[in-house]
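Student: output the structure for:
(one chain, ligands or ions: 2)
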Amino acid sequence: MKELVISKIREGTVIDHIPAGRAILVLKILGINEKTKETVSMALNVTSKKMGKKDIVKVEGLFIKEEELNKIALIAPNATINLIKDYEIEKKFKVKLPEVVRGILRCPNRMCISNSREPISSIFYVRAEGDEVFAKCHYCGRKIKDLSQYLL
Ligand code: CTP
Ligand code: ZN
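Tutor: Numbering: from 1, shown residues only. Ligands and ions are numbered 1, 2, ... in the order given. Here you go, the predicted model:
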């Protein structure tokens with residue numbers, strides 16, 4: 001029998017199959033913080049057949065835009081999105097890695113113009129090689145992997 005760690009929601013966005021330990025980073029990418037009014041629940045280290053352990057995030061009453069959700073792929077390339085209406089799954093899809101991300105990753109090159117006091121937001125070009133995700137700084141060309149370390 002399937003055990004439910006957090007309740008089903010009536011309406012909103014469920015982000016499933018997040019690698020264990022990364023739910024907090026998912027909240028960060030989505031800009032969910034102490035100012036958020038919606039009900040948010042999170043389950044960490046849930047037993048999963050496919051993944052061993054996984055995290056889940058549920059945001060009630062909010063249909064987060066696909067473009068926003070795809071940013072999650074930077075740190076959770078296999079995350080599944082479920083949009084829920086009247087307790088039913090209206091739409092299910094896998095996040096898709098964006099080609100370019102703005103203002104999400106920090107360039108580790110201290111001389112990079114994106115780290116100067118100028119109001120310049122970072123721009124990175126993203127690509128996947130097998131299970132690994134790489135990003136390259138638009139301004140200085142620096143390449144990074146293990147992107148979870150570079151979230152702004
Ligand atoms: N869910 C929810 N509220 C609902 C319906 C579903 O919170 N009213 C959540 C479930 O708890 C689960 C996710 O949405 O975390 C996907 O639900 P479902 O497709 O029923 O589960 P699985 O078949 O396990 O999904 P998958 O095939 O994507 O692994
Ligand atoms: Zn740079």
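Student: helices or strands up against the longest helix along the chain?
Tutor: The helix that spans the most residues within the chain, counting by DSSP state H, is helix 23-30. Packing partners of helix 23-30 (3 or more CB pairs under 8 Å, 6 or more residues apart in numbering; DSSP states H and E): strand 40-48, strand 52-60. Just so you know, the C-beta spots here come from the backbone N, C-alpha and C atoms, and that holds for glycine as well.
Student: interface residues of the protein facing ligand 1?
Tutor: Counting by CB under 6 Å from any ligand atom, the residues of the chain close to ligand 1 are Lys8, Ile9, Val14, Asp16, Ile56, Lys58, Thr80, Asn82, Ile84, Tyr87, Ile89.
Student: residues contacting the residue most central in space within the chain?
Tutor: What sits nearest the mean C-alpha location of the chain, by CA atoms, centre = their mean, is Ile72, with 2.1 Å. By CB atoms under 8 Å, 6 or more residues apart in numbering, the residues touching Ile72 are Ile15, Ile18, Val26, Ile29, Leu30, Ala79, Val95.
Student: out of these, which is nearest to ligand 1?
Tutor: Ile15 (8.8 Å; CB to the nearest ligand atom).
Student: from the residues of the chain next to ligand 1, which single one is nearest Glu132?
Tutor: Comparing these against Glu132 with CB to CB picks out Thr80 as the nearest, at 19.9 Å.
Student: now do the same for the residue in the chain positioned nearest to ligand 1: its pLDDT.
Tutor: Closest residue of the chain to ligand 1, CB to the nearest ligand atom: Lys8 (3.4 Å). Confidence at Lys8, expressed as pLDDT, is 96.
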